[in-house]
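Undergrad: 3D model of this:
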Amino acid sequence: MEKKKRYDYPYDLHTWVKGHTPGPWGWFGNTQFGQLYLATVKGGRVFVMDFDRWKMNGAIPRFQVRFQDTNNGIMYKAEALARYAVAPEVVGVQNLNGEVYRKDIVEIAHPDARLIAAAPDLLDACQAVLDCKSEMPQELREKVETAVQRTRPPAWVSEVQE
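TA: Numbers count the residues shown, from 1 in each chain. Alright, predicted model coming up:
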């Protein structure tokens with residue numbers, strides 16, 4: 001028997017971001033101690049991304065590279081996961097070679113970084129699904145509405161800030 005796909009789309013987003021940290025995600029931290037990080041809301045604080053000092057005045061994001069099939073892993077600076085424009089097969093400063101004569105990056109090679117970068121497009125896609133006039137499964141509509149609702153600021157945020 002052939003395994004049925006989640007939905008009948010020509011592609012499966014889950015294969016593109018395989019290994020991403022399951023959501024929901026939220027921002028956490030402490031301004032008194034200079035902490036800011038993106039982590040899971042449920043099931044303990046599994047880090048998605050945090051920041052580290054970089055050079056004299058900057059900060060660099062770090063992403064958790066998890067050990068196979070666990071929530072345990074090591075936080076890696078984005079430069080260790082950078083894919084270079086002039087040599088897209090090279091990932092990370094540790095693998096620099098003569099092919100990388102310019103250090104402009106085109107991607108952070110991590111599934112969570114890809115999801116973050118795709119967020120505006122995914123939001124547009126969700127809006128398109130909600131605007132669709134044709135019949136669709138109620139479960140799909142509810143899932144999309146829930147995702148879109150997470151983009152709204154909390155009720156206590158004034159209209160001026162929206």
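
Undergrad: The protein: strands as residue ranges?
TA: In the chain, the segments counted as strands under DSSP state E are 25-30, 35-40, 47-54, 58-66, 73-77, 82-84, 105-108.

Undergrad: Between those, which one is closest to residue 144.
TA: Nearest of the strands of the chain to residue 144, taken as Cβ to Cβ: strand 25-30 at 17.3 Å. In short, each C-beta sits where N, CA and C put it, glycine included.

Undergrad: report the longest helix in the chain, please.
TA: If you go by DSSP state H, the chain has its longest helix at helix 111-131.

Undergrad: what packs against that one?
TA: strand 47-54, strand 58-66, strand 105-108, helix 138-149 (3 or more Cβ pairs under 8 Å, 6 or more residues apart in numbering; DSSP states H and E).

Undergrad: Tell me the helices and strands packed up against the third one.
TA: Applying 3+ Cβ pairs under 8 Å, 6+ apart, one finds that strand 105-108 contacts strand 82-84, helix 111-131.

Undergrad: in it, what counts as buried?
TA: Residues of strand 105-108 classed as buried: 105, 108 (neighbour count, 16 or more other Cβ atoms under 10 Å).
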